[in-house]
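Colleague: quick one: sequence plus predicted model below, questions after.
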Amino acid sequence: MLVFIIGASIILGLLITFLNGMNDAADAVSCLITTKVLTPLKAVAWAAFWGFMAYFIFNSGVAETMSRGIVESSYMDPYVVFCALVGATFWVWICTYLGLPISSSQALVGGIIGPVWFAYGSSALVSKGIILIIAFTFLTPIIGMIVGFFLMCLIMRLFKNANKKKADNVFKKLQLVSSAAFSLGHGANDAQKTIGIISIMLFTSLQSPELTEGFKNMLAMFFDAEKGYHVPQIVAIVCYLVMALGTLIGGKNVIKTTGSGIVKITPEKGFCAETAGAATLITCSVFGIPVSTSHSIVGSIIGAGLTNGVKSISWGTAKSIIWAWILTIPAPLLISGILYSLVK
């Protein structure tokens, strides 16, 4: 039974990584496509490439937080991980189908908390890590909004007398740089979330009495005995590749919502939004804080759009996105918690 759960958890982990790539493809490329800098196919290929490049640039701080910073690592057994991934995958799939750019990281956090909280109580939770993640659920879009707004104000001041057509051409080229930076931030933060969960599940399985010695020896090949728990490189590479594949396929509905459903995107607004989002993501990734790519870019787009006044924002679309964000931790938490109670 446990071997099946481990295998199913790995498959589900890769599936939610793939869905993450699909959902967050919109975040990375919607501005590029809306401003016609690149065709949709070239845009998602660009985002997928730079998302994978994050593997070679950033450390595994976010993976460490996901594996040991939400619940005590001893509770991260295959059953907990399986239920967490089912709850998170179901919620991400629903929101992707509905075209809502949501946070897979918050879905995973809720999915992890549910089984452990239901079965072992609040003492098994790492309160400091959960509070930090919840705080950045609200801070990330606010930071993106502030940075996007002031960056757009600076651009408007510097280019107020510039020829509009020439300025647009300049910012279309700069968008290639800003979108690449945003995709790097996406890869550095989002790919590592399932990397951490799969890694800690494999490690805790080594202590399970339910597994045969042969299977334990096979799992032990992923870890250096002298280092103790760490992220196996093969797990990291596979997750980055799967997320890049998801980005290549993309989520057309979410791209439409992010690219044109919130505010009218121009090349300079696209550059400012992507730059603000990239700065937020990369900074949080360096400090090992799991944050939402969607929260970052939506906040940044709203910030850049506010330079044309409050009425330039489609608040109806923004409202539906915010409601999806609010439900993203509680919904997977309940699904995974109930499922764990049934499984155990």
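Modeller: Structure's in. What do you need?
Colleague: got the buried residues for whichever helix or strand Ile155 is part of?
Modeller: Element membership for Ile155 (DSSP states H and E) is helix 127-158. For helix 127-158, burial by neighbour count (16 or more other Cβ atoms under 10 Å) applies to 129-130, 132-133, 136-137, 139-141, 143-145, 147-149, 151-152, 155. Using the backbone N, CA and C atoms, a C-beta is placed for each residue, glycine as well.
Colleague: could you name the helices and strands sitting against that helix?
Modeller: Packed against helix 127-158 by the contact rule (3 or more Cβ pairs under 8 Å, 6 or more residues apart in numbering; DSSP states H and E) you find helix 104-120, helix 267-286, helix 293-305.
Colleague: which of the ones you listed is buried the deepest?
Modeller: helix 293-305 (a mean of 30; mean count of other Cβ atoms under 10 Å).
Colleague: pLDDT on the helix or strand that contains Ser67, on average?
Modeller: Using DSSP H and E, Ser67 falls within helix 61-68. Averaging pLDDT along helix 61-68 yields 92.
Colleague: what helices and strands are in contact with that helix?
Modeller: helix 164-205, helix 267-286.
Colleague: just list the residues touching the nearest residue to Leu281 once chain neighbours are set aside, thanks.
Modeller: Distances taken as Cβ to Cβ, 6 or more residues apart in numbering place Gly185 nearest to Leu281, at 2.9 Å, with adjacent residues excluded. Under the criterion of Cβ atoms under 8 Å, 6 or more residues apart in numbering, the neighbours of Gly185 are Ala54, Gly277, Ala278, Thr280, Leu281, Ile282, Ser285, Thr293, Ser296.
Colleague: and the fifth one, what's its pLDDT?
Modeller: What it means is Leu281. 93.
Colleague: is it in contact with Gly187, as I believe?
Modeller: No - using Cβ atoms under 8 Å, Leu281 is not in contact with Gly187, being 9.3 Å away.
Colleague: point out where the stretch 201-344 of the chain drops to low pLDDT.
Modeller: Within the stretch 201-344 of the chain, the ranges that satisfy pLDDT under 70 run 225, 250-264, 310-325.
Colleague: hmm, try it at 80
Modeller: Flagging of the stretch 201-344 of the chain using pLDDT under 80 yields the residue ranges 224-227, 250-265, 294-295, 308-328, 344.
Colleague: and what of the stretch 51-200 of the chain?
Modeller: For the stretch 51-200 of the chain, the ranges with pLDDT under 80 are 92-93, 95-105.
Colleague: repeat that for 90
Modeller: 59-60, 73-74, 77, 88-108, 133-142, 157-169, 172, 190-191, 193 (pLDDT under 90).
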